[in-house]
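**Q** show me how the following folds:
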Amino acid sequence: MLLKSKLFVLYSLYSACSANPIKACKFPENEDLVPVYEEGVNAGWAMSPDEACIPGKYCPYACPPGQLMNQWNPAATKYQYPTSMDGGLYCNSDGSTSKPFGDRSLCVDGEGTVSVVNKASKDCAFCQTVLPGNEAMLIPTNVESGDEQTLAVPGPEYYAGTAAHYYVNPPGVSTEDGCVWGTTDEELGNWAPYVAGMNTDTNGNTFIKIGVNPKHVDDFNGKKPKYGLRIVCDNPKDCNGLECELNPKNGYNKAQGPSSGSSLGAEYCIVTAKNHAKAKIEVFDV
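**A** Predicted structure coming up:
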């Protein structure tokens, strides 16, 4: 009798769940958004492939290159967990979504002060981390060989005054392969050789940082990349910290420039573009 009672309880719970299934919120395909992991459970949202957008969650999304996600939990005014995860649209109990900020568009142009010039012989994948969100490098920007592409640079009004962060994959790696978390088996995603970060402050200064990825130092120490990065400006007088470069010819994990340093065992350098001046990150073969 005890076994039958347990089976009855389990059947009742299954029946209740079947009768009232959780309604996942669908990715808004009719908007000008960039779907991520279309074949995964998330079906387009900028979340892990096995993470569904379910009621009660904020669901981040990817915007086109040069634009930033313009929706997040209004209560998320500081960069701290758990509200730092609450980016995107809110998933309602009926499977619909709503804008946390009803008067805002889903995406907004960044400051437009930083672009990538790809001088390498193959396309290069710049993968932006999702913030607010899980901070995985899921937002894709493909820069074709010989082309220039504007990056999304947050201004001071962006979520908690945070910057945009990019993982720079080796030329020849697609955004499909590179804009994922990855594993220690390959120098991709979270283990890409280089990282970059940028934001603009209230005085119109844009801070651009390029550096060696600390995770690459941890797990691929001494393995020189076959490409490098440097920061240039059309008018050098508008920028402080030039000659900022990551060039493997100078050795592994070496950054040069007057504003260089080291963090978590990885070297970096910084350039400040003043008064909304524009700077460029050049990708080059070594």
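
**Q** please make it C-alpha for all contacts and neighbour counts, starting now.
**A** Fine.

**Q** shaky segments in the stretch 101-250 of the chain?
**A** Counting by pLDDT under 70, the stretch 101-250 of the chain has no low-confidence residues at all.

**Q** for it, which segments are assigned as strands?
**A** Along the stretch 101-250 of the chain, the stretches classed as strands by DSSP state E, counting those that start in this stretch are 107-109, 114-118, 124-128, 139-143, 148-150, 164-168, 194-200, 206-212, 227-233, 239-240, 245-246.

**Q** any idea where the helices of the chain begin and end?
**A** Across the chain, reading from the start of the chain, the helices by DSSP state H fall at 2-19, 175-178, 214-219.

**Q** can you give me the pLDDT of the residue nearest to residue 209 when sequence neighbours are not counted?
**A** Distance criterion Cα to Cα, 6 or more residues apart in numbering; nearest residue to residue 209, sequence neighbours excluded, is residue 270 at 4.4 Å. Residue 270 is assigned a pLDDT of 98 by the prediction.

**Q** so residue 270 sits right up against residue 206, yeah?
**A** No - if you go by Cα atoms under 8 Å, residue 270 and residue 206 don't touch, sitting 10.2 Å apart.

**Q** got phi/psi on residue 29?
**A** Taking degrees, to the nearest 10, you get phi -70, psi -20 for the backbone angles of residue 29.

**Q** so how many other residues sit close to it?
**A** Each residue near residue 29 was counted by other Cα atoms under 10 Å, and the total is 10.

**Q** how close does it sit to residue 44?
**A** 8 Å (Cα to Cα, to the nearest Å).

**Q** next one: residue 284
**A** In this structure, residue 284 and residue 44 are separated by 32 Å, where distance is defined by Cα to Cα.

**Q** tell me which of the two has more neighbours.
**A** Neighbour count, other Cα under 10 Å: between residue 284 and residue 44, residue 44 has more, with 25 against 19.

**Q** number of nearby residues for the residue nearest to residue 209?
**A** The burial metric for residue 270, expressed as a neighbour count using other Cα under 10 Å, is 27.

**Q** same check, this time on residue 237
**A** Each residue near residue 237 was counted by other Cα under 10 Å, and the total is 11.

**Q** and if you look at residue 103?
**A** Here the number of neighbours of residue 103 (other Cα under 10 Å) works out to 7.

**Q** for it, what are its contacts?
**A** Contacts for residue 103 were tallied using Cα atoms under 8 Å, 6 or more residues apart in numbering; there are none.

**Q** can you tell me how far it is from residue 271?
**A** From residue 103 across to residue 271, the span is 35 Å (Cα to Cα).

**Q** residue 278 now?
**A** Residue 278 is 11 Å from residue 271, where distance means Cα to Cα.

**Q** of those two, who's got more company?
**A** Under the criterion of other Cα under 10 Å, the comparison of residue 278 against residue 271 puts residue 271 first, with 26 against 20.

**Q** so what's the more buried one bridging to?
**A** When assigned by DSSP bridges, residue 271 has beta-bridge partners residue 208.

**Q** so residue 213 touches residue 197, yeah?
**A** No - taking Cα under 8 Å as the contact criterion, residue 213 and residue 197 are not neighbours in contact, 11.5 Å apart.

**Q** returning to what we had before: could you dump the strands of the stretch 101-250 of the chain to a markdown table with mean neighbour count?
**A** Rendered in a markdown table, the data for the strands of the stretch 101-250 of the chain read as follows (neighbours: other Cα atoms under 10 Å):
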| stretch | mean neighbour count |
| --- | --- |
| strand 107-109 | 18 |
| strand 114-118 | 24 |
| strand 124-128 | 28 |
| strand 139-143 | 24 |
| strand 148-150 | 18 |
| strand 164-168 | 27 |
| strand 194-200 | 24 |
| strand 206-212 | 26 |
| strand 227-233 | 22 |
| strand 239-240 | 20 |
| strand 245-246 | 26 |
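
**Q** quick one: the ones you listed as TSV, columns for distance to residue 264 too.
**A** Shown next, in TSV, are the strands of the stretch 101-250 of the chain (distance: least, Cα to Cα, whole Å):
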stretch	distance to residue 264
strand 107-109	32
strand 114-118	25
strand 124-128	20
strand 139-143	24
strand 148-150	29
strand 164-168	16
strand 194-200	13
strand 206-212	10
strand 227-233	20
strand 239-240	24
strand 245-246	17
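
**Q** between those strands, which gets nearest to residue 219?
**A** Nearest of the strands of the stretch 101-250 of the chain to residue 219, taken as Cα to Cα: strand 206-212 at 12.4 Å.
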